[in-house]
Structure formats: structure tokens, C-alpha cells
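1. please find the sequence and the predicted model below.
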Amino acid sequence: MLRLLARFIAACCALAFVVVAVGVIFFQAAGTRFLQAPIYKRALVQERFYSRVPALAADLAVRAAKYRSRVTGDARDALDVLAELTVADWERLVGAVAPAAYLQAQAESGLDQLAKSLHADSAALSVEFSLVELKRRLASPEAEAAILEILQRRPAATPEEMQQAGRLPAGRRPPDAMLPQVREQLRTGMRSLVDRLPDTCDPFAAGPNIGGGRAVTALSDSRDTLLTVERWARWSPALPAVLLLLVALFGVRSLRGGLLWWGIPCFLAGAAAALLALPVVPATHWAFSLLIEPLFPPAAPAALIAAVFGVATDVVQEVMTASLISACWLGGGGLVCMILAHFCPRKAPATGSSAPG
């Protein structure tokens, strides 16, 4: 009777192990990665995010120019030409001011600082971006040459058009006689922009109403919770390990029985986790297209939404890949145990007992 009760407890622990191990595989894979910088670095590179910045910047600049025109009317200055740039123009200009290598270095430095700040003992989060190099590039001859090159590719404005508009018409380049004046206006505008920019920028010190301040504030407020989740994720494999020890304690009476009592639950847990991990990324695409994308306002930049979703999908893909690898190791180990059990000598079964062990 006691042996039957022990085997019943062992079977319950084995069943609990299967359920818990499947959850731990995903929880451990996500929890130990989502506060670490490398996963996001790889996602940004795989998604070619830095090379897509010119298109994103063009979309945002056009929207900003439209808003500015509604606020300030028809007044234009030398820098308003930026609102008329095409994607090719932005690739040339951004390549001179903030090339992909510079953007990648800044982003990866920010991710490293954020991960370090999240795990530091200080109460406040801090990520400091240096804008010195960007300011130098904005005022550099390369940026000025890029803008002038863009202007030179446009058809020249006729004197009649200049007189009728009272200024440089949109989509036209100034007459050759006006180029020195335009060049000086560009230099003045760029110097004014550079003077207004600080040498460093810390989004956590900018306040909740600046840019993505709400997301920054939410991250700061949930910091303790995120760190607790990460801490539990590191130690989560201990729970299924304890369940396996209980299985051995109550159910194992021989080497063959131990291999079977551990092999079968491990194989089932690994197989179940693998089957669950495989469709997650396609399901993420489906959920975004059907459930999340319609929630964005119609005015939201489509290119920005696509880029953010691409990065998020790559992060999910890496977590699922890690989960799949863990599932394969667990399931493969269980399968090996089951195979080895068949080569072990069978113990003479006790009276009325036919269970393994």
C-alpha cells in the first residue's frame, strides 16, 4: 500500500514536472534576455534598422514640415528645403550627418548603458547620449555640400517664378547669382540649430512630456518588477529539478526505473515545448496584423510601425529559438534515457506491481 502511494505521488510529480518544465523553458528564455542589451543589438542589425533611418527620417520630417506650415503659415527659410527632400535626398544627407555606423554605435552604447543602469544600485535610471559628434557633423562642410548637391539637381527657378513667389519656390534651386546668399543662410541656420542642441542628452532626465517620455517613465516605474522577473527567471529551472528529485525519491527503485521515470517526463516536456515554440513567430505576425496594427492611429508613420514590429519580431524569434534549443536538449535527454533503459536488466517485479522501477 505504501509503495502504491509512493508511486502515485511520483506519477503526480512527473505530471507536474511536464507542465512546469514547459512553462519554465519559455519563462527562463525570455526572462534572462529581455533586460539584456545583446538581444536588441542583434535585432536592430538583423532588421537593417540603421539603413532604414533615412526613410524614417524623411517621413517624420515631412510630417513635421506640414505641422509647422499649419502653425507658422507660408513663411519659409533656408532650412525648409529639408521638408522637400526625397528618400534618395535623405540617404545622401543622413549619410553625411549620421551614417549607419554612427547610428549603430550610438544605439548600442545607449542599450549597454540602459542595461547597466537597470541593474545598478542607483535609484534613478540614466542613459547619456553624446551629441558632440552629431553637432560637428551638422556644421561640417560635408553636410553643407550634401544640401547644395540636392539643390543643384533641381530645375533652376526663373526670375519670373522668384518674383511671383517672393522667395525660392518649392522644388526649385536658386539662380547661380543667389547661391552665395543661400549658402550663407544654410550656414547660419545650421549654426543656430547646433547652438540650440546640448552636448549630451539623457531621455530619463528630459521629463515625461518630451518625445517618448511616457515610455521612459513607464520603464522607470516598472524597474523593480522587471528585475524581480529576471531574478526569478534565472532560478526557475530549480523548480522542475526539485520535481525530478521527488520523482526519484518516491518512484525509483532501480537504474532502469530511474531512467524511465526521468526519461519519459523529460521527453514529453521537451516535445511539448518544441511544438509550442515553432508556431509562435507566425502567430506573432498574425496577432500584429489582425489585432495590434488596427489600434495605431491612421496618421502613424507606416515605415516606423513596420520597423518597430520587425525589431520586436526578431526579439521574439531569438527568445523562441532559445526556448526551442532548451526543449530539444530536454527532450533529447529524455529520449536517450528511455533508450538506455531498454538496455538495463529488468528487476524482478514485486507481487502485484508492473510499474517501472
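-> Great, that's in hand.

2. can you show me the strands along this structure?
-> Using DSSP state E, the strands found in the chain span residues 129-130, 200-201.

3. and the first one, how far from the chain's centre?
-> Spelled out, it's strand 129-130. 20 Å (C-alpha atoms, centre = their mean, to the nearest Å).

4. run through who's touching that strand.
-> Q106, S109, G110, D199, T200, C201, D202, P203 (C-beta atoms under 8 Å, 6 or more residues apart in numbering). Heads up, the C-betas are built off the backbone N, CA and C, glycines and all.

5. tally of neighbours for the closest residue to the last one other than its chain neighbours?
-> Translated: P203. Closest residue in space to P203, ignoring its immediate chain neighbours: V216 at 5.2 Å, by C-beta to C-beta, 6 or more residues apart in numbering. For V216, the count of nearby residues is 20 (other C-beta atoms under 10 Å).

6. now V216: how far from S126?
-> 11 Å (C-beta to C-beta, to the nearest Å).

7. what of Q46?
-> 28 Å.

8. contacts only, for the closest residue to L340 other than its chain neighbours.
-> Using C-beta to C-beta, 6+ apart and skipping the chain neighbours, the partner closest in space to L340 is L259 (5.4 Å). The contact partners of L259, by C-beta under 8 Å, 6+ apart, come to C337, M338, L340, A341, C344.

9. which one of the strands of the chain lies closest to G23?
-> strand 129-130 (38.1 Å; C-beta to C-beta).

10. who wins for most neighbours among the contacts of L259?
-> Highest neighbour count within the contacts of L259, by other C-beta under 10 Å: A341, with 21 neighbours.

11. what sits closest to it if chain neighbours are left out?
-> Using C-beta to C-beta, 6+ apart, the nearest residue to A341 is L259, at 3.8 Å.

12. same check, this time on P265
-> A14 (4.4 Å).

13. how close does that neighbour get to V20?
-> Distance from A14 to V20, by C-beta to C-beta: 11 Å.

14. looking only at neighbour counts, state which of the two leads.
-> For A14 versus V20, neighbours defined as other C-beta under 10 Å are more numerous around A14 (22 against 19).

15. these two touch, right, the more buried one and F267?
-> No - using C-beta atoms under 8 Å, A14 is not in contact with F267, being 11.3 Å away.

16. show me which helix runs longest in this structure.
-> helix 302-341 (DSSP state H).

17. and it, what does it pack against?
-> helix 2-31, helix 37-46, helix 49-72, helix 255-277, helix 280-287 (3 or more C-beta pairs under 8 Å, 6 or more residues apart in numbering; DSSP states H and E).

18. pick the most buried one from those.
-> helix 255-277 (a mean of 21; mean count of other C-beta atoms under 10 Å).

19. what pLDDT, on average, does that one get?
-> Averaging the model's pLDDT scores along helix 255-277 yields 93.

20. just the angle between it and helix 2-31, please?
-> 40 degrees (axes from the mean of the first three to the mean of the last three C-alpha atoms, to 10 degrees).

21. now find how far off-centre stretch 221-233 is within its chain.
-> Worked out by C-alpha atoms, centre = their mean, stretch 221-233 lies 18 Å from the chain centre.

22. tell me which residues are up against it.
-> In contact with stretch 221-233 (C-beta under 8 Å, 6+ apart) are residues F27, Q28, A30, G31, T32, F34, L35, L118, H119, L125.

23. a markdown table please, covering the residues you listed and showing pLDDT and distance to I147.
-> Listed next are the contacts of stretch 221-233 as a markdown table, based on pLDDT from 0 to 100; distance: C-beta to C-beta, whole Å:
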| residue | pLDDT | distance to I147 |
| --- | --- | --- |
| F27 | 96 | 52 |
| Q28 | 95 | 51 |
| A30 | 93 | 45 |
| G31 | 93 | 48 |
| T32 | 93 | 47 |
| F34 | 90 | 41 |
| L35 | 90 | 41 |
| L118 | 89 | 40 |
| H119 | 88 | 43 |
| L125 | 82 | 37 |
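
24. show the contacting residues for E91.
-> Per C-beta under 8 Å, 6+ apart, neighbours of E91: P54.

25. kindly state the pLDDT recorded for it?
-> For E91, the predicted pLDDT is 74.

26. counting neighbours, what do you get for the closest residue to E142 other than its chain neighbours?
-> Nearest residue to E142, sequence neighbours excluded (C-beta to C-beta, 6+ apart): A96, at 4.4 Å. Residues near A96, counting by other C-beta under 10 Å, number 19.

27. one more: A177?
-> 8.

28. before we move on, the earlier item: okay if I get the strands of the chain as TSV plus mean pLDDT, distance to I147 and mean neighbour count?
-> Listed next are the strands of the chain as TSV, based on pLDDT from 0 to 100; distance: least, C-beta to C-beta, whole Å; neighbours: other C-beta atoms under 10 Å:
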stretch	mean pLDDT	distance to I147	mean neighbour count
strand 129-130	88	24	14
strand 200-201	88	24	14
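
29. where in the stretch 51-200 of the chain is pLDDT low?
-> 61-87, 162-163, 165-171 (pLDDT under 70).

30. ramachandran angles for P237?
-> phi -60, psi -20 (degrees, to the nearest 10).

31. cool, F34 as well?
-> Torsion angles, degrees, to the nearest 10, at F34: phi -70, psi -10.

32. what do you get for T158?
-> phi -80, psi 160.

33. neighbours of it, just the number please.
-> 12.

34. that one and L148, how far apart?
-> 20 Å.

35. A269 now?
-> Counting by C-beta to C-beta - A269 and L148 are separated by 65 Å.
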